[in-house]
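> Here's my sequence, what's the structure:
(one chain, ligands or ions: 1)
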Amino acid sequence: MFSSQPVDGDLTANAIFLTLSLHGDDAALQAFRDFCADLPGLIRAVGFRNAGAGLSCVLGIGDGLWDRLAMGAHPQGLHPFREIAGVHRAPATAGDILLHIRATRPDFCFELATQIMRRLGSVATVEDETQGFKFFDNRDLLGFVDGTENPAGADRSSAVLIGDEDAGFAGGSYVIVQKYLHDMARWEAMSTEAQEQVIGRHKLSDIEFPDAEKASHAHNVLTNINDAEGNQLQILRDNMPFGSPARCEFGTYFIGYACEPGRIETMLTNMFVGLPPGNYDRILDVSTPVTGALFFVPSAGLLDRIGA
Ligand code: HEM
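Below is the predicted model of the structure:
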């Protein structure tokens, strides 16, 4: 029986997202292997100080680094993030390693990130560090509750965990991250009713519009996708607001986990190119992604083997 990294954890009040590129030399690769072996111990040591803080960390590995590790097989869905150039553009940016650190308290995230950087800081380049926080009732900085339609219970595990279809990597997952910056002046110039049409839900109550009242380009129309048999293809999102009022920076860090990345890529195509083409997601008129990367999340057992 495989055990997974805690990809299907609950939304937490705090998160740090670290994206790193590992240096190209063998010493860096060995340091990364050693880090993989030691990460569970680091999480235990920091987290044990207060179990109530719910500290967890998920490590993802990019396509290029996976090949360097020479583990003998390649996860079916692992490839570099593919840029999308539609009505709006989703860029692909660098990153070999993603660390998704979550806790109910910011000090636990901060301390684990510090310990991680002590181990990897001299062998990796920081591509991005984003510190996310909970904003009122799980709202994003656009003011809408974000995460309501996430799958729950058994649906959550089946949405995010690789199963028998790629048995050598069972218990693993895929994750796509994008860091979005919002044009708040443009968003706030819109009426609440117009904003609700963009999202497809009521802003204050978070109640979903009846299907007949949703715009064809509503966010929850373009991201609600089915397989050929009509079953909904779900992903697990743990988006977080981030920003700096003093620098006029307001953003949403999008993070989506899935058992195969194709469904997230289809949602992105629907958003950026449109469905049909041109009928794009109006969130993108006020939100610009400045990063985009895809990672494979090995099961805990496989992570241990990377470190062996
Ligand atoms: C739903 C915000 C980007 C996939 C939602 C909802 C909000 C939201 C407010 C409605 C509540 C909920 O169910 O969570 C945002 C913001 C984004 C963003 C502010 C970036 C600026 C993305 C991206 C994807 C995505 C990039 C996928 C590639 C989804 C899905 C749903 C959803 C699958 C649920 C749709 C449903 O079945 O009702 N998002 N989102 N979102 N979003 Fe996003």
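
> anything in stretch 272-286 sitting right up against the ligand?
Yes - Stretch 272-286 is in contact with the ligand by Cβ under 6 Å from any ligand atom, via I283. C-beta coordinates here come from the backbone N, C-alpha and C atoms, glycine included.

> And that stretch, what's buried?
Of the residues in stretch 272-286, F272, V273, G274, L275, N279, Y280, D281, R282, I283, L284, V286 count as buried by neighbour count, 16 or more other Cβ atoms under 10 Å.

> where's the second one relative to the ligand, distance?
Counting by Cβ to the nearest ligand atom, to the nearest Å, the gap between V273 and the ligand amounts to 12 Å.

> and whatever residue of the stretch 1-150 of the chain ends up closest to the ligand, what does it touch?
Residue nearest to the ligand within the stretch 1-150 of the chain: E149 (3.2 Å; Cβ to the nearest ligand atom). Neighbouring residues of E149 by Cβ atoms under 8 Å, 6 or more residues apart in numbering: E208, N220.

> For G153, the count of nearby residues, please.
Per other Cβ atoms under 10 Å, the neighbour tally for G153 reads 8.

> Next, the contact list for D137, please.
D137 sits next to V145, D206 when contact means Cβ under 8 Å, 6+ apart.

> Tell me the secondary structure at T288.
Three-state call for T288 (DSSP: H, G, I helix; E, B strand; the rest coil): strand.

> Would you mind measuring from it to the ligand?
Distance from T288 to the ligand, by Cβ to the nearest ligand atom: 9 Å.

> dump the residue contacts of that residue.
When contacts are counted by Cβ under 8 Å, 6+ apart, T288 is found next to H88, Y180, L181, D183.

> Now rank those residues by neighbours and give me the top one.
Y180 (23 neighbours).

> what sits opposite it in the beta ladder?
T252, P289 (DSSP bridges).

> Tell me the spacing between it and the ligand.
Y180 is 4 Å from the ligand, by Cβ to the nearest ligand atom.

> Just to check, that residue is in contact with G292?
No - when contacts are counted by Cβ atoms under 8 Å, Y180 is not listed as touching G292 (10.1 Å).

> The ligand contacts on this structure?
Neighbours of the ligand within the chain, by Cβ under 6 Å from any ligand atom: 140, 142, 144-149, 178, 180, 199, 201, 219-220, 223-224, 235, 237, 252, 254, 256, 264, 267-268, 283, 287.

> Out of those residues, which end up buried?
By neighbour count, with 16+ other Cβ under 10 Å, those hold 140, 142, 144-146, 178, 180, 199, 201, 219-220, 223-224, 235, 237, 252, 254, 256, 264, 267-268, 283, 287 as buried.

> Got the phi and psi for V177?
Main-chain dihedrals, V177, degrees, to the nearest 10: phi -120, psi 150.

> mind listing what it touches?
F17, T19, L98, Y253, F254, I255, G256, T291, G292, A293, F295.

> After the helix or strand where N220 lies, which helix or strand is next? Please name it.
Using DSSP states H and E, N220 falls within helix 219-222. Per DSSP H and E, the first helix or strand lying C-terminal to helix 219-222 is strand 236-237.

> Please tell me how far the longest helix along the chain is from the chain's geometric centre.
Counting residues, the longest helix found in the chain (DSSP state H) is helix 26-47. Centroid separation for helix 26-47 versus its chain: 21 Å, with Cα atoms, centre = their mean, to the nearest Å.

> how about the helices in the stretch 151-300 of the chain?
With DSSP state H, counting those that start in this stretch as the criterion, the stretch 151-300 of the chain has helices at 153-160, 184-188, 192-199, 219-222, 262-272, 283-286, 300-307.
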